[in-house]
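Trainee: Provided below for reference: sequence and predicted model.
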Amino acid sequence: MTALDAAPDQSPEETLPPQLADLRSRCEEAAGRSLPTATELHAWSVASYRDFWRVFLDWADLVWEGSADLVSTSDDVQTARFFPDVRLNYTENVLRRRPGVDDDAPALTSVHADGSAERLSREELRTATRRASRALARAGVAAGDTVLAIAANHARTAVAALAVSGLGAALSTATPDMGVSTLLGRFGQLDATTALIDRTALGGGGAAADQLLTELLAQLPTVRHVVLLDDLPLPRLPGPQVSRLTDLLADVPADDPGPTWPRQPFDAPLWVLFSSGTTGPPKAMVHGAGGSLLEHEKEHRLHLDLRPSDTLYFHTTTAWMMWNWQLSALSVGAHVVLYDGPVTGPETLWTLAARHGITVFGTSPAYLQLCQDEGWSPRDAVDLSHLRAVLSTGAVLHPWQFEWITEHVGPVPVVSLSGGTDIVGCFVLGHPEVPVQRGRCQSLSLGLDVGALGEDGHLVTGEVGELVCSNPFPSRPVRFLQDPDGERFRAAYFAQHPGRWTHGDRIEIAPDGSSRLYGRSDGVLNINGVRIGPSEIYSIVREVAGVADAIAVETRDPEAPGSSRLALLVVLRPGVVFDDDLARQLRSTLRREGSAAHVPSLVLPVDEIPLTHSGKRSESAARAVLDGEPVRNVSALKNPGSLAGIAAAAAHHAEAAATATATGDDVRSVVARVFGEVLGAPVPDHADFFDAGGTSRQTMTLLRRLRLELHRPLLLEDFLAQPSIAGITRSMTADPAQASLLEVLRPGERGVAPLLLVHGYLGDVDIYRAMVDALRTPAPVHGLTSDPQIAMRKGVTITEIASSLVAKVQRALPEGDVRLAGYSFGGLVAYEMARQLAAEGRSVTFLGLLDTEPPFEQLSRFSKGLRTLAWWVALLVPGMVEDSVAGVLRRRLGRTEPPSEERQTFAAAHRVFNAYAWGPYAGPVTYFRARFRVPVIANLLYAWRRQAPDLTVVDVPGSHHVLLSSERSPALAAALDSALAAAAR
């Protein structure tokens with residue numbers, strides 16, 4: 001059994017047979033024969049798809065009325081309707097009481113950017129939804145209406161969404177960071193009567209949000225009522241009535257059972273989702289309540305074996321169908337976690353998963369690549385013992401990413417999913433009875449006749465072909481909006497291969513049913529998991545003066561193998577010269593009117609773009625040239641000479657990028673060089689990093705490189721405040737006496753002595769972030785930082801490092817009490833600082849050592865022997881402690897070796913630490929000792945007591961290397977709060 005096939009320790013419920021086994025017995029009864037394998041069950045579910053869906057509807061134990069005798073009205077994929085005599089309500093089913101599921105069990109946890117969270121039990125969610133339904137009904141929402149929502153991924157949005165669908169209205173959602181043009185491209189097709197709006201993240205909030213909302217509503221004349229999901233002051237908006245949902249709820253009694261939720265036809269509109277096409281506005285797809293519910297129930301219970309004991313998190317926004325997919329998991333009784341904050345680094349989502357006990361964690365290849373690029377190992381930093389599966393979708397998941405999960409997360413199944421907004425579900429996904437194969441999706445979706453169509457129009461096995469589905473399926477869109485004769489719907493999926501659904505992906509399917517995706521075949525862009533139609537970009541770019549035409553393509557990213565980037569080729573009007581200012585204008589306009597995903601990493605001027613004989617842009621031809629691949633079917637182009645122009649422009653850009661990088665060693669030159677190397681092209685001094693095509697993943701790479709090369713701290717907040725070469729240069733050349741005396745980690749009450757946290761061996765105080773967030777002390781909390789490679793300086797000592805920090809403290813805080821704390825390396829520096837400050841007559845009222853060992857060279861020979869023995873015990877007896885030093889080293893010095901600069905800095909810091917010639921300290925010291933250790937002989941507290949007799953020891957949960965993790969920080973913070981309060985008395 002490989003690591004991928006192995007399973008972690010399982011609870012009794014998790015050792016039960018998969019739910020699929022129970023359904024199989026029902027299917028075998030209907031088939032009149034055995035269906036022992038995954039491929040045989042799938043083949044029957046396709047050949048006898050009516051029997052399969054009838055059996056599944058009965059097995060799923062959903063709430064419905066009517067007759068299921070008629071499953072499908074025809075065998076035509078384009079026109080067939082499912083269960084025309086069945087009536088149901090989506091919300092009623094999602095929130096129904098299920099046997100064996102406690103109504104007090106958690107149903108929904110909403111986590112915010114600051115780490116705070118709200119949790120609703122199943123009964124609380126049911127009550128909240130029914131009251132919201134009553135409030136929205138009184139506001140005019142009724143069955144058959146369409147409601148739009150611009151809101152983030154949090155509990156208020158989820159409750160409002162369930163309330164809308166409960167009333168029988170259709171819902172369409174978008175994120176607040178979309179520009180007006182993008183929102184109108186979607187919502188302008190809806191004829192929505194009610195708008196649900198969360199202004200906290202709309203246009204930056206405040207007056208800007210109200211102005212954006214005014215501009216938007218002016219072009220949505222059918223909206224009669226705006227219901228605000230935030231509690232900000234009511235805006236003055238011309239036209240529609242405006243209310244707060246909280247005010248509407250105030251008029252609904254707590255015990256109000258809510259309005260009756262109508263059971264509607266199986267195809268009644270539930271959601272209007274948007275999927276970008278290569279031409280025209282985004283496709284407004286109406287998805288039916290029955291088909292969406294049935295498909296999601298099938299995927300969750302059969303393919304993922306999701307159960308009431310599971311806690312599911314999928315990283316998504318309200319603009320992506322995975323938000324709807326995750327919401328449906330409430331139907332199986334699972335606990336769903338939502339997150340409305342940003343991803344600020346590789347640790348963000350794994351920390352969330354650890355903190356909230358996620359069992360099924362959903363992410364994207366782009367986020368996994370960010371973690372790998374940053375060298376961040378989740379299993380070294382957080383507790384993921386609850387995790388039983390990792391899901392990924394949004395782009396192709398590469399084989400090495402399967403390996404990375406095994407090495408850095410754990411031996412859990414890796415489930416690669418692929419489908420789309422078009423079917424609000426998956427064509428290929430996981431299977432609880434099938435082993436995971438690296439780089440492949442495990443199985444085809446039950447009931448869907450998925451195949452790969454070769455260029456000759458025949459289905460192929462083991463070869464790459466066009467992804468098609470040859471039989472009807474319930475989650476197919478009911479219709480498109482603004483498509484009265486159905487022609488747009490037909491052209492989107494059935495024109496290319498009549499009688500088959502053509503999805504626009506390239507796929508290879510093996511005889512065992514496993515598959516691998518090879519990207520899009522229809523020109524749709526998939527940038528970091530966000531699908532964008534080129535037409536969205538063209539509609540924005542054409543408004544930029546000087547641009548005559550453009551073509552947008554997704555190409556390989558040479559700086560991140562396996563990833564893609566967005567390239568924009570522009571044809572300029574006569575007399576217009578392409579320069580950096582025009583490129584920045586294009587990017588900033590796309591960011592403002594579209595979104596961050598619309599911003600190209602590469603902008604190239606070309607004389608003409610490739611066109612087919614019918615005059616359509618050929619994105620596939622342009623993409624092939626940029627990727628260095630041969631262009632297929634050149635004869636289909638009416639201007640094949642355009643390809644040579646694209647190749648020449650790309651070559652010129654690459655040459656310019658290679659030769660124009662700054663080479664100086666002054667701060668500005670280093671910043672410019674690193675910017676250029678990270679972005680792949682020279683960048684003007686005042687160009688915004690993101691307008692120049694920078695991504696969140698590249699932000700982390702940039703910060704790490706600048707810190708190490710310039711030997712100066714650089715905070716993410718400082719970078720975001722002025723993300724340009726000029727801005728960062730100013731930040732990093734500011735007077736050190738002013739710029740980095742004290743870093744404010746958290747403001748506190750005036751008049752209270754601040755707590756000063758001393759930097760770790762890399763010179764920064766980022767290690768304390770989780771602990772600071774959990775502190776409740778009224779004291780301000782400041783950080784003391786140094787050069788990130790201070791320990792690398794020849795001859796530097798702990799005493800010298802402490803002296804430089806004492807000078808900072810004396811300048812920044814010339815009077816009053818001093819309170820110090822530090823972890824490990826920082827603890828030893830804090831100890832020496834306390835000695836020096838006391839010698840200078842300063843009152844050090846608190847000194848906290850966070851699991852700081854004594855310096856090795858100052859121990860007796862016997863003590864050194866004990867400490868060495870402890871290391872060997874940890875090495876030879878893995879699992880003896882929660883996370884031993886050797887355990888960390890085994891992972892870090894194996895395949896997961898950290899960057900060489902960090903290894904060298906760690907080794908240097910280790911030498912500086914152990915060479916410290918310490919002396920006595922008479923003041924009070926609180927020693928926070930990690931509870932989980934090898935044997936007690938490794939503590940060596942007696943050595944501390946000899947130097948600091950007034951020593952108080954506080955045991956805190958965790959081992960040394962996870963003490964500051966998000967899981968352990970709350971307990972450490974509570975202990976630190978108590979110690980600070982005691983010292984103040």
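Mentor: Good, I have the coordinates.

Trainee: burial of Ala254, as a residue count?
Mentor: When neighbours are defined as other Cβ atoms under 10 Å, Ala254 has 7 of them. Heads up, the C-betas are built off the backbone N, CA and C, glycines and all.

Trainee: how far away is it from Thr214?
Mentor: Applying Cβ to Cβ, to the nearest Å, the value for Ala254 to Thr214 is 35 Å.

Trainee: just to be sure, Ala567 is in a strand?
Mentor: Yes: counting by DSSP: H, G, I helix; E, B strand; the rest coil, Ala567 is part of a strand.

Trainee: now for the nearest residue to Leu248 once chain neighbours are set aside: which residues touch it?
Mentor: Nearest non-adjacent residue to Leu248, counting by Cβ to Cβ, 6 or more residues apart in numbering: Ala135, 3.8 Å away. For Ala135, the contacting residues are 163, 245, 248-249, 251-252, by Cβ atoms under 8 Å, 6 or more residues apart in numbering.

Trainee: what do you get for Val468?
Mentor: So Val468 contacts 450-453, 459, 497, 500-503 (Cβ under 8 Å, 6+ apart).

Trainee: check which helix or strand it maps to.
Mentor: strand 464-469 (DSSP states H and E).

Trainee: mind listing what's buried in stretch 57-76?
Mentor: Judged by neighbour count using 16 or more other Cβ atoms under 10 Å, the buried positions of stretch 57-76 are 57, 59-60, 62, 64, 68, 71-72.

Trainee: okay, and the helix or strand of the chain with the least pLDDT?
Mentor: Ranked by mean pLDDT, DSSP states H and E, the helix or strand of the chain with the weakest confidence is helix 885-892, at a mean of 36.

Trainee: could you look up the next helix or strand downstream of that one?
Mentor: Using DSSP H and E, the helix or strand that follows helix 885-892 in sequence is helix 900-914.

Trainee: please name every helix or strand in contact with that next one.
Mentor: Counting contacts by 3 or more Cβ pairs under 8 Å, 6 or more residues apart in numbering; DSSP states H and E, helix 900-914 packs against helix 798-812, helix 825-839.

Trainee: check the offset of that helix from the chain's centre.
Mentor: On the basis of Cα atoms, centre = their mean, to the nearest Å, helix 900-914 sits 33 Å off its chain's mean C-alpha point.

Trainee: what of stretch 282-296?
Mentor: Computed by Cα atoms, centre = their mean, the chain-centroid distance of stretch 282-296 equals 24 Å.

Trainee: what does stretch 805-819 give?
Mentor: 40 Å.

Trainee: from start to finish, how long is that stretch in a straight line?
Mentor: Terminal residues of stretch 805-819 are spaced 13 Å apart (Cα to Cα, to the nearest Å).

Trainee: for it, give me every contacting residue.
Mentor: By Cβ under 8 Å, 6+ apart, stretch 805-819 touches 737, 741-742, 753-756, 758, 779, 784, 786, 829, 833-834, 836-837, 840, 842-847, 980, 983.

Trainee: low-confidence ranges in the stretch 301-450 of the chain?
Mentor: Along the stretch 301-450 of the chain, segments meeting pLDDT under 70 span 395.
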